[in-house]
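In: Next comes the sequence, and after it the predicted model I'd like to discuss.
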Amino acid sequence: MCGIVGYVGHRAAQPVLVNCLKRLEYRGYDSCGIALLGKDVEIYKDAIRIEALEKKLRPHINKAGIGHTRWATHGKPSQGNAHPHADCTGKIAVVHNGVIDNYLALREKLTQEGHKFRSDTDTEVIPHLIEKYFQGDLQEAVSKAIGDMSGSYAFVAIHSDWDGMVVARNESPLILGVGDKENLVASDVPAVLDYTDRVIYLEDGDIGVVTGDGVRCFRNGKQIDREVHRIPWSIEEAQKGGYAHFMIKEIHEQPRVIRNTYKGYISALEPVVNLGIRKDAGINDILFIACGTSYYAALVGQQVIQSLTQIPVRVEIASEFNYSDTVLGRTWVIVITQSGETADVMRALKKAKEVGCRTLAITNVVGSSATRLADETLYITAGPEICVAATKSFIAQLTMLYLMGLAWASGDIRSRVSMATELRQLPDKVQQLIDREEEIAAFGKYLAKYENVFFVGRGLNYPVALEGALKLKEISYIHAEGYPAGELKHGPFALLTPKTPVVAIAARDNTYDTLMANIKEIKARESPVLAIAEEGDIEIEKYVDFAVRVPKVSPIFSPIVNAVALQLLAYYTAKERGCSIDTPRNLAKSVTVE
Ligand code: F6R
């Protein structure tokens, strides 16, 4: 989604803005621009990469400005549609993330009043509305402008007759970075980490006034206090640190991420799990709501938690839940969202709260929107995930779901203790797998020449097959489908040929024998089969063409090692194809529109 940055302080704003925009590149964008505040507002923008824009800039010493990376929603990527957008006088500039629902009506009215529009965007109505209402006070003009607007927005406005920036938020994320004699605005934390680790999360309906001397927040015209959060992420964590891509760095971080996620919850002396969150006796069932990779984590969590706790667990895709008549009785609604900002998830969370459900957010981002809305929060502590494709956050989500299952399990204490002990050994198992990444890289080279790949699994590893297919398609652009292994014969068999390899996840659980039967059926259609199989599983060699070996773990933990193997497979396939791995085309890290 669009990235917003703003700076005011003692430094020259231009290099700061460019640097902050680079830190937001991972969100995905098709055009970018900056505006510098001086006697006039100077705007540089185009449908190009940030590095190319940087080359076009002439040195400026201005101490304030705003910047933007655009992800087109209204109007194609072009110089005219790129942000910042200006008013007729050229004194006002605005960057915006979100969608102004009533922009057509506003545009028509403003046009009748004499305003001239130069782009196809919804955003452009904002600077014109501000121009209409400006009488020397930018805060007042912004406040009146948002009174006319409906929809979602996070925007920053500057005016050449006003010192600093005015920002407003409704249903799109916006943070203020609080520095020393310098302050920043951004749509996401990594943008400001070079300058400060102290941030304020604005709430819907807030207006912020940001100058070099300080930040002030207002609501309904009254000044209010907003908590300053200290972000526990270092700038090094948000940098590549010698790796070719963020994705491979983040895959390598996973042993540490698993450890960090369970650390506070399992005591070293007595391996029992205490989450500090109790399952309430009055709860009838759990409903997980999530999107994309987080949804696949929820599908694994459903099986784990149901089997360990006997609590019925349902799972819904957030965007479907929002338009469904799902019955919510005494249901505990748990949203899983890495970013804590996904618009579909936020809407679902609001819907669950409105009907009085108890709510819990599982997220990675301290202070994110989901944490502020949900009754309770569990943090996965994966550290900043910069690559658009989720990897370490998925593994951390799975770890948290195992912890939940163990914390609320009703079974025999000895088996719980032995599971908790094995959970603590998973980082070493994942490390053993990562140490053999060269072998997986060779399979990536092999897959890279195909255009269609199926992923199959059963039971706990069916969602892992879905995740494997999602990883491959999003970063390598190979068409990939995930299926329960038993379903191929109900239709997809029609597509199997020697040119459609099948990746089969062969966990040593009660589904193994049937999976072997499914593999035989696939081989009869002459598709090459690549298995993800446990070390020491000799049997599998009778059935498949190749096998990626994963360390032996109990079947319940097999999704962790299998998912890491599939992440590496997708990474090396995409690398072989020369793809833009960290920022795949058309995708955004934080999806803040519905
Ligand atoms: C895929 C991916 C997405 C996200 C989805 C939900 O690699 O990253 O499918 O999982 O957009 O995002 P969060 O978890 O931030 O709600």
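Out: Right, received. Where do you want to start?
In: Closest residue of the stretch 251-400 of the chain to the ligand?
Out: Proximity of the stretch 251-400 of the chain to the ligand (C-beta to the nearest ligand atom) peaks at Gly292, 1.9 Å away. Any C-beta I mention is one placed from the backbone N, CA and C, and that applies to glycine too.
In: show me the residues around Ala448 that make contact.
Out: Shown in contact with Ala448 (C-beta atoms under 8 Å, 6 or more residues apart in numbering): Ser476, Ile478, Thr573, Glu576, Arg577.
In: What is the most widely separated pair among these?
Out: Greatest spatial distance among the contacts of Ala448 (C-beta to C-beta): Ile478 and Glu576, at 10.7 Å.
In: Looking at the two, which has the bigger crowd around it?
Out: Ile478 (22 against 16; other C-beta atoms under 10 Å).
In: What distance do you get for that one to Tyr446?
Out: According to C-beta to C-beta, to the nearest Å, Ile478 and Tyr446 sit 12 Å apart.
In: Show me which residues of the stretch 351-500 of the chain are close to the ligand?
Out: Neighbours of the ligand within the stretch 351-500 of the chain, by C-beta under 6 Å from any ligand atom: Ala389, Ala390, Leu470, Glu474.
In: List the contacts of the lowest-mean-pLDDT helix or strand in the chain.
Out: Ranking every helix and strand in the chain by mean pLDDT, DSSP states H and E puts strand 229-230 at the bottom, with a mean of 90. Outside strand 229-230, the residues that touch it by C-beta under 8 Å, 6+ apart are Asp197, Arg198, Val199, Ile200, Tyr201, Val366, Gly367.
In: Check those residues and tell me the two furthest apart.
Out: Farthest pair in the contacts of strand 229-230, by C-beta to C-beta: Asp197 and Tyr201, 13.9 Å.
In: Pick out whichever of those two has more residues nearby.
Out: Tyr201 (23 against 17).
In: Secondary structure element holding the closest residue to the more buried one other than its chain neighbours?
Out: Nearest residue to Tyr201 in three dimensions, chain neighbours excluded: Gly367, at 4.7 Å (C-beta to C-beta, 6 or more residues apart in numbering). Using DSSP states H and E, Gly367 falls within no helix or strand.
In: next one: Leu349
Out: helix 343-354.
In: Tell me the gap between that helix and the middle of its chain.
Out: 17 Å (C-alpha atoms, centre = their mean, to the nearest Å).
In: cool, and stretch 572-592?
Out: On C-alpha atoms, centre = their mean, the centre of stretch 572-592 falls 13 Å from that of its chain.
In: what's the neighbour count on Asp213?
Out: 13.
In: I figured it hits Gly179, correct?
Out: No - contact criterion C-beta atoms under 8 Å: Asp213 and Gly179 do not qualify, at 11.0 Å.
In: Common neighbours of those two, please.
Out: By C-beta under 8 Å, 6+ apart, no residue touches both Asp213 and Gly179.
In: what's Thr337 sitting at in phi/psi?
Out: phi -150, psi 120 (degrees, to the nearest 10).
In: Which residues are in contact with it?
Out: Ala290, Cys291, Ser294, Val345, Ala361, Ile362, Thr363, Ser368, Ala370.
In: dump the residue contacts of the closest residue to the ligand within the stretch 1-150 of the chain.
Out: Ranked by C-beta to the nearest ligand atom, the top residue of the stretch 1-150 of the chain for proximity to the ligand is Met1, at 10.1 Å. If you count contacts by C-beta under 8 Å, 6+ apart, Met1 has them with Arg27, Gly28, Trp71, Asn97, Ser172, Ser187, Ala588, Lys589, Ser590, Val591, Thr592, Val593.
In: tell me the pLDDT at the third one?
Out: Here, the pLDDT recorded for Trp71 equals 82.
In: Report how many residues lie close to it.
Out: Around Trp71 there are 20 residues (other C-beta under 10 Å).
In: thought it was touching Leu24?
Out: No - the pair Trp71 / Leu24 is not scored as a contact, 10.8 Å apart, by C-beta under 8 Å.
In: what does the protein have sitting close to the ligand?
Out: 291-294, 337-339, 342, 345, 389-390, 470, 474, 591.
In: Look up the closest residue to Asp280, ignoring the ones flanking it.
Out: Arg358 is the one closest to Asp280 (C-beta to C-beta, 6+ apart), at 6.5 Å.
In: Quick check, pLDDT for Gly329.
Out: 86.
In: Numbering from 309 from now on, please.
Out: Okay, residue one is now 309; in that scheme the one you just asked about reads as Gly637.
In: Now the strand or helix carrying Leu734: average pLDDT?
Out: Leu734 belongs to helix 721-742 when assigned by DSSP H and E. The average pLDDT within helix 721-742 is 93.
In: same for whichever helix or strand comes after that helix, what does it pack against?
Out: As assigned by DSSP H and E, the chain's next helix or strand after helix 721-742 is helix 745-755. If contacts are counted by 3 or more C-beta pairs under 8 Å, 6 or more residues apart in numbering; DSSP states H and E, helix 745-755 sits against strand 837-842, strand 854-858, helix 866-884.
In: Tell me the secondary structure at Gly406.
Out: Assigned by DSSP: H, G, I helix; E, B strand; the rest coil, the conformation of Gly406 is strand.
In: one step back: was I right to think the residue of the stretch 559-708 of the chain closest to the ligand contacts Ala777?
Out: No - the criterion here is C-beta under 8 Å, and Gly600 misses it with Ala777 at 12.0 Å.
In: just the strands in the stretch 659-808 of the chain please.
Out: 666-671, 684-687, 760-765, 787-792 (DSSP state E, counting those that start in this stretch).
In: got the ones you listed as TSV, with mean neighbour count columns?
Out: Formatted as TSV, those follow (neighbours: other C-beta atoms under 10 Å):
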stretch	mean neighbour count
strand 666-671	24
strand 684-687	20
strand 760-765	25
strand 787-792	20
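In: who wins for proximity to Lys384 among these?
Out: Comparing the strands of the stretch 659-808 of the chain by C-beta to C-beta, strand 787-792 comes nearest, at 25.2 Å.
In: Just the helices from the stretch 309-458 of the chain, written as ranges.
Out: Under the criterion DSSP state H, counting those that start in this stretch, helices of the stretch 309-458 of the chain are mapped to 321-331, 358-364, 411-420, 433-441, 446-456.
In: All the strands of the stretch 459-608 of the chain, residue numbers only.
Out: So, for the stretch 459-608 of the chain - with DSSP E, counting those that start in this stretch - the strands run 459-467, 473-478, 483-486, 490-494, 506-509, 515-518, 523-527, 530-532, 537-538, 593-598.
In: Mind checking the ones you listed for the one nearest to Gly388?
Out: strand 459-467 (18.4 Å).
In: From the contact counts, what lies against the closest one?
Out: strand 311-317, strand 372-378, strand 400-408, helix 433-441, helix 446-456, strand 473-478.
In: Report the inter-axis angle for the second one versus helix 321-331.
Out: Interaxial angle, strand 372-378 versus helix 321-331 (axes from the mean of the first three to the mean of the last three C-alpha atoms, to 10 degrees): 30 degrees.
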